[in-house]
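Visitor: next comes the sequence, and after it the predicted model I'd like to discuss.
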Number of protein chains: 4
Amino acid sequence: MKLETILEKINGTAVPKGKKVAVAFSGGLDSTLCIELLRRIYAAKEIVAITIDVGQGDEEMGEVFAKAKMLGIEPILIDAREEFTKEWLSKAIAANSDYNGYPVSTSMTRQLVAKLVAEKATELGCDAIMEGSSGKGNDQYRMHNVFKLFAPGLEILVPVRDFNLTRMEEKLLCEAWKMPVTEQVIGGDDKTLWCRSIASGAIDLNQEISPDVWMWMTPPHLSTDHSIEVKIEFEKGVPIALNGEVLPLDLIIQKLNGIAGSRGIGLIDIFEDGIMDLKSREIYEAPAAHVILKLHKDLEQMCLSKSELQFKKGIDAQWAYLVYHGMWYHPLKAALDAFIGKTQQVVSGTSIARLYKGNIEILSRSSPMSLFYPEIRSIKSDSFDQRWCAHAAKINGLPFEILAKRSCHVEALV
Amino acid sequence: MKLETILEKINGTAVPKGKKVAVAFSGGLDSTLCIELLRRIYAAKEIVAITIDVGQGDEEMGEVFAKAKMLGIEPILIDAREEFTKEWLSKAIAANSDYNGYPVSTSMTRQLVAKLVAEKATELGCDAIMEGSSGKGNDQYRMHNVFKLFAPGLEILVPVRDFNLTRMEEKLLCEAWKMPVTEQVIGGDDKTLWCRSIASGAIDLNQEISPDVWMWMTPPHLSTDHSIEVKIEFEKGVPIALNGEVLPLDLIIQKLNGIAGSRGIGLIDIFEDGIMDLKSREIYEAPAAHVILKLHKDLEQMCLSKSELQFKKGIDAQWAYLVYHGMWYHPLKAALDAFIGKTQQVVSGTSIARLYKGNIEILSRSSPMSLFYPEIRSIKSDSFDQRWCAHAAKINGLPFEILAKRSCHVEALV
Amino acid sequence: MKLETILEKINGTAVPKGKKVAVAFSGGLDSTLCIELLRRIYAAKEIVAITIDVGQGDEEMGEVFAKAKMLGIEPILIDAREEFTKEWLSKAIAANSDYNGYPVSTSMTRQLVAKLVAEKATELGCDAIMEGSSGKGNDQYRMHNVFKLFAPGLEILVPVRDFNLTRMEEKLLCEAWKMPVTEQVIGGDDKTLWCRSIASGAIDLNQEISPDVWMWMTPPHLSTDHSIEVKIEFEKGVPIALNGEVLPLDLIIQKLNGIAGSRGIGLIDIFEDGIMDLKSREIYEAPAAHVILKLHKDLEQMCLSKSELQFKKGIDAQWAYLVYHGMWYHPLKAALDAFIGKTQQVVSGTSIARLYKGNIEILSRSSPMSLFYPEIRSIKSDSFDQRWCAHAAKINGLPFEILAKRSCHVEALV
Amino acid sequence: MKLETILEKINGTAVPKGKKVAVAFSGGLDSTLCIELLRRIYAAKEIVAITIDVGQGDEEMGEVFAKAKMLGIEPILIDAREEFTKEWLSKAIAANSDYNGYPVSTSMTRQLVAKLVAEKATELGCDAIMEGSSGKGNDQYRMHNVFKLFAPGLEILVPVRDFNLTRMEEKLLCEAWKMPVTEQVIGGDDKTLWCRSIASGAIDLNQEISPDVWMWMTPPHLSTDHSIEVKIEFEKGVPIALNGEVLPLDLIIQKLNGIAGSRGIGLIDIFEDGIMDLKSREIYEAPAAHVILKLHKDLEQMCLSKSELQFKKGIDAQWAYLVYHGMWYHPLKAALDAFIGKTQQVVSGTSIARLYKGNIEILSRSSPMSLFYPEIRSIKSDSFDQRWCAHAAKINGLPFEILAKRSCHVEALV
């Protein structure tokens, strides 16, 4: 592969020149390349780099700014950590977020980043927005939707996709243009507080996962023999305290990633149905998410009625589907949140779980909102007499009495 | 508590006398008492005891017949093992059977037993059917429905409920009447191949589970350090081979209960919403079910399309709801089975999993029906060019362009 | 049938004596009988008759108080008209209320009445609540649920059911006891603003409906040849103006019952699945409901997105199911209302319809919240170019390319 | 607009030359132009015109062949009338086909045509398939999906879209090239047995519909004063006889279009959510579909249980969604058909309806499979005693007793 071929592809593609362009800058290979393309190819009048902190951690944020310095840009930093945990993760927990086994993470942050960039770009009078998605993934769809809603008049530039660049070509360009690249070239990698994705879809069907890819998680067989207990207090569906200490949600998640990860918890290895209906094998680690979601669901089974639990399954599934598909800001998603929010008014209580080599065992639960009243079911209960059930069973069985009346057709039923 | 008080309750209740009564005889406390009540209280003209083998195991079946002998009855034995695995469990696996975390087990066998007893009772010209359910549980509803469908003209007798007996009173009666009781008195216990229930609803909120209650399962921290690999082959949604050996489904399940149980797999500790909408805490062990259901779902994620997977969630949830609620023979359940059966035509393939201290880790998957084609998503794919996505993203994003046109209302969306 | 037999049944049933009893008094046969039973049989210490006005109309309310005077009681009158239209009917419209074709009407008022009676009974220190439901209908279930929630400590008395009285026996008792009866004896009849039910379930399969049963509706072939136009303005899902005049919802409905009824609109003749799963044939008239619900749905199709419309169908169906089944105050219903309420924020606009001999033809629609932008779809549109669809169709069709790869199985698909 | 500009657009677009191309030929403007483009622009090696008869009627088929003659081609005729009614329409009726009020018609025929063309093209060794869709409609997506499944290796040519032609430009080309054009230029129009669409999306928001656009329907106010009765017999969900005469489904539909159309039945005027999520106003006429679907639904309410009816709503909605979106051959659709087919086993019976000026009034129903047993609900019924309901209501109300226990929170429910 020659540099000339790549440049030919790029130069053969029409681009808008001389614009003021806002670019989502994460410091990765893609967004680094964006900066240089804006200079060399788009001849941008002005580059507005915007960096969003959604809790990547101090280390990663330091690297972003180091790289920015090398590139000679000064990104505008928007701290979205509180918005992300308060407005997004708390809703994800309430919705038992689960799409094919993935607790939707990057699916959310990409949309939050897109919204903040769109708003800032509009505020600063930019003509266009650029982002670094490649053309075979989900993120381009997610960001496009949000850009169109929050900055409808701005042009959207997605150079990697629109110049049809491969990952290897991107790397060659960066080298040729003397740009800093610290990332591995194969597969993407994305981390939020909530879940870290490993090699985004670049894992083969039966490829073994090397034990050194994990950041938080020690695989079960390598993890300590010592179990540990954690106590989590939920208020209206959201964790508010860990081991008796009231903490902001991001801190609870961070601490749990450490604790639960050390006990072998958090591995996800699934087939995931992408936005374009293509399956990929995805590997994630999400220790805190696993613990929180398990305890949240258990608390719901204690505090919500049977009908709510049964119906909410469909609501939750639709929620995860929409969020994954880039529809966070869709009115259907808002209506689902209204439903979910109503149910969560009573999802308060405290659970204790023992974490051990990949296992989360619930040891105790308590809630002032519990609907668990074993005394009613007890034979000594005054509130109902078992003999009543003779009649209740007859009434409940009426549909079967009626079906029996066309009983020559019973065999058609099974 | 005096015997007289109990007998007073019984004698104060109107009962049909002098009938030919079929009774479902399992050898437990309830059905043992039924026999004696039929003799002493109902003055039955003839007692037709029927015992259904749904895979309780040789030991338990031996006890049933030993007890029958002591009671002086000769139960008619109906071997339903094949029907149970072929017609019931295979459907449960295809439906990823899960009601509140419980893979529905006794929910099924009670209905199968009821159908076989109803048919035999009808064939033998009985006037009534008796069964031993208590009045605060789910089984009375399940059996009632099935009796009404398959033996609509027969009277249904449920003496424990109808005489308003407590478990302790039942025991006193048995002692007074010199009947053999081998069971523990507190809490029920029911075992099928698929799942064993422990103390049916008699467990308190935060009561610890004693490690000696398990039959198949060694708790994770007590289980061996040696992991084990299992290979399961599915054909049209149903396991047909274990570790390379083609076996009937009941044998696969039996073997897996041993193997997976020894690796700490199978614990279920949930709040369960009973038929009458009362919550109970339920403890089950189901090692084979855990392994089979996990691999089955994973294989479905490989072989079914995104739309099928998303929609089938609602179908599966409804399936488990109906089966739990005693509606196996309801036409809606038959229609769900038709849907599920159609999807399972392509759920064939082989999975290998490593079992270790409560963990089921999938190591490899293969299927001739797989929809996983990573080569299409690859950047080198001929079948689609990433630049197409620029247009696809625009078309896909049209709803957001339209929503933006009433953008004064964007804030109302979230 | 002799009076003695009836009195024997009554006297053979245990009843609580000497209590302070609140009774829902509607002036009908059932509640009239309740008063006398409280005096003669229950030997009530005090009778608290409570009458709820949910918009039955002046004439009917006048009759209620005339009858009360004859009975020597002074019912407490609670005016619930505003609560009924503001809190109940507006939610029903937003939910496109439809259960088997019935827009749920009495289903609502019975629950509202039960709540208000329960609250008043509690406030006044009653020991028990009495209501006049018979034992084979839906209302007993609806009222029971609400009583148990709002007056959990009070005894519930349902004498017609509990004494096992037939309608004819009720009438005989009233005659024997010299009580005023103005009602027809066969079949019930219930009217609210929203919908009037005729002979509640006492209509045979192919029984013809006499043209003189209608209160609001002139049957289409007897109705005037002159069509009429109506203009309705909706704000957030609720009608606020009729023909340009801003009016409270109850007045809009009243006027529309007259206008639309005169144009042959409003007939409902359906099989209805009762709470106990028994089917009845039900005849209703609901002219205003037909017009409002048709225009509301049409306005939703204009202002809600495709995804909302598709998903809301399931929400609306569940809403009607719950309300019909006496679960207005269930938390699942509250969560559905939250979902629906969120969607209705944009359901505002004005529609004009022509009413003619049973037909409702929409002539024009307008809304500031409309999502109908034909200019985008137009070939002249700048916002998208039809050539983009070549790529969009390819991406959209990827699942079929993948399915084709296992094409030996295409025939299994259909 | 000059011819040169149009030709410039065409010549500026890369096309495959010298191929053997199958083209779906309907005789309309689009497919006529296709033939000439294949000759002049694509320099096709061979043109295989294929015409599918899905019941357009003799007149229309005559015109197709007359036009073919003028064009000098001899289309292969495939008679798909039986397949369309037996395999497609019968499923649509069973599914109560309704997408936004549209009974899905062209949505189906386009996919059937695509399948037959793809199969024939493959059989004859073509290199490519051409179809005449424009680029802003739904059909291109529907046909693309089916082509990709049944002829995965063939190139798909959609010249109107790919050359970015407007309807007016198409007309100019045809004139310039001396091709016969008999169609109106504005708006599309498509007719099947089942439903005729008028001006496909080219109707403005409040544009009045001229009374001369209708083919089958006389508007209600112009229709005869004489009502007419029709009797339809259904077997397993499908009409098999009209007015006592056993007839094939296509004949029943044809006759009903005449009869019901003459009585003012069949108008559809809706907002329709297109595949690309754009709303259009659509006008259809479908007299037979209105009658058949109303009677079919009513018969289902008689023969299906409450649970089936409630659940099938979601199935039917998904069915119509998939079929509209070009997913007839998707495995999810096949699974829905399996569900629906199972339910239809008992949907047999006969209904009589009176048709009058837009009204369909059901006069009588009968079915050997009916679940309507009013005698059970009757007070004289032996099969249940109303006093049982006292207990059934208590058991049924247990969830509310439990909710009352956390009654400080009742107010949170509403």
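Guide: Okay, I see it.
Visitor: on the three-state scheme, A:Thr5 is what?
Guide: Classification of A:Thr5 by DSSP: H, G, I helix; E, B strand; the rest coil places it in helix.
Visitor: again with A:Ala49
Guide: A:Ala49 ends up strand, using three-state DSSP.
Visitor: residues in contact with it?
Guide: By Cβ atoms under 8 Å, 6 or more residues apart in numbering or on different chains, the contact set of A:Ala49 is A:22-23, A:25, A:35, A:68, A:73-76. (Each C-beta comes from the backbone N, C-alpha and C, glycine too.)
Visitor: cool, A:Ala289 as well?
Guide: So A:Ala289 contacts A:103, A:105, A:194-195, A:253, A:266 (Cβ under 8 Å, 6+ apart).
Visitor: adding neighbour count and pLDDT, write those residues out as JSON lines.
Guide: Below are those laid out as JSON lines (neighbours: other Cβ atoms under 10 Å in any protein chain shown; pLDDT from 0 to 100):
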{"residue": "A:Pro103", "neighbour count": "25", "pLDDT": "97"}
{"residue": "A:Ser105", "neighbour count": "25", "pLDDT": "95"}
{"residue": "A:Trp194", "neighbour count": "28", "pLDDT": "95"}
{"residue": "A:Cys195", "neighbour count": "28", "pLDDT": "96"}
{"residue": "A:Ile253", "neighbour count": "26", "pLDDT": "97"}
{"residue": "A:Gly266", "neighbour count": "26", "pLDDT": "97"}
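Visitor: show me the residues you listed that map onto helices.
Guide: A:Ile253 (DSSP state H).
Visitor: where exactly do the helices run in the stretch 51-200 of chain A?
Guide: Assigned by DSSP state H, counting those that start in this stretch, the helices in the stretch 51-200 of chain A fall at A:58-71, A:81-83, A:90-94, A:106-123, A:139-150, A:159-162, A:167-176.
Visitor: before we move on, the earlier item: farthest-separated two in the contacts of A:Ala49?
Guide: Checking the contacts of A:Ala49 against each other with Cβ to Cβ, the farthest-apart pair comes out as A:Ala22 and A:Ala68, at 14.7 Å.
Visitor: nearest spatial neighbour of the residue in the stretch 101-250 of chain A positioned nearest to chain D, skipping sequence neighbours?
Guide: Using Cβ to the nearest Cβ, the closest approach of the stretch 101-250 of chain A to chain D is made by A:Lys236 at 10.6 Å. Using Cβ to Cβ, 6 or more residues apart in numbering or on different chains and skipping residues adjacent in sequence, the residue nearest A:Lys236 is A:Gln344, 4.9 Å away.
Visitor: the one you found and A:Ala94 touch, don't they?
Guide: Yes. Counting by Cβ atoms under 8 Å, A:Gln344 does reach A:Ala94; the two are 4.9 Å apart.
Visitor: and the closest residue to chain B within the stretch 251-400 of chain A, how many neighbours?
Guide: Of all residues in the stretch 251-400 of chain A, the one sitting closest to chain B is A:Gln386 (2.6 Å; Cβ to the nearest Cβ). The tally of other residues near A:Gln386 (other Cβ atoms under 10 Å in any protein chain shown) stands at 23.
Visitor: please apply the same query to A:Lys294.
Guide: 17.
Visitor: assumed it was part of a helix.
Guide: Yes. With three-state DSSP as the criterion, A:Lys294 is located in a helix.
Visitor: skipping its backbone neighbours, what lies nearest it in space?
Guide: Nearest one to A:Lys294, counting by Cβ to Cβ, 6+ apart, is A:Ile360 at 5.2 Å.
Visitor: thinking again about what came up before, more crowded one of A:Ala22 and A:Ala68?
Guide: Between A:Ala22 and A:Ala68, counted using other Cβ under 10 Å, the more crowded position is A:Ala22 (30 against 20).
Visitor: next, the more buried one: secondary structure please.
Guide: Taken by three-state DSSP, the conformation at A:Ala22 corresponds to strand.
Visitor: so what's it scoring on pLDDT?
Guide: You'll see A:Ala22 listed with a pLDDT of 98.
Visitor: in this structure A:Leu38 contacts A:Val23, no?
Guide: Yes. Between A:Leu38 and A:Val23 there is a contact under Cβ under 8 Å: 6.6 Å.
Visitor: now do the shared contacts for the two.
Guide: With Cβ under 8 Å, 6+ apart, A:Leu38 and A:Val23 have common neighbours A:47, A:130.
Visitor: who's more crowded, the two?
Guide: Set side by side, A:Leu38 and A:Val23 show more neighbours around A:Val23, with 28 against 25, by other Cβ under 10 Å.
Visitor: so who does that one touch?
Guide: Per Cβ under 8 Å, 6+ apart, neighbours of A:Val23: A:31, A:34-35, A:38, A:47-50, A:129-131.
Visitor: how close does the residue nearest to the spatial centre of chain A sit to C:Lys297?
Guide: In chain A, the residue lying closest to the centroid (Cα atoms, centre = their mean) is A:Ser105, at 1.6 Å. Distance of A:Ser105 to C:Lys297, computed by Cβ to Cβ, to the nearest Å: 38 Å.
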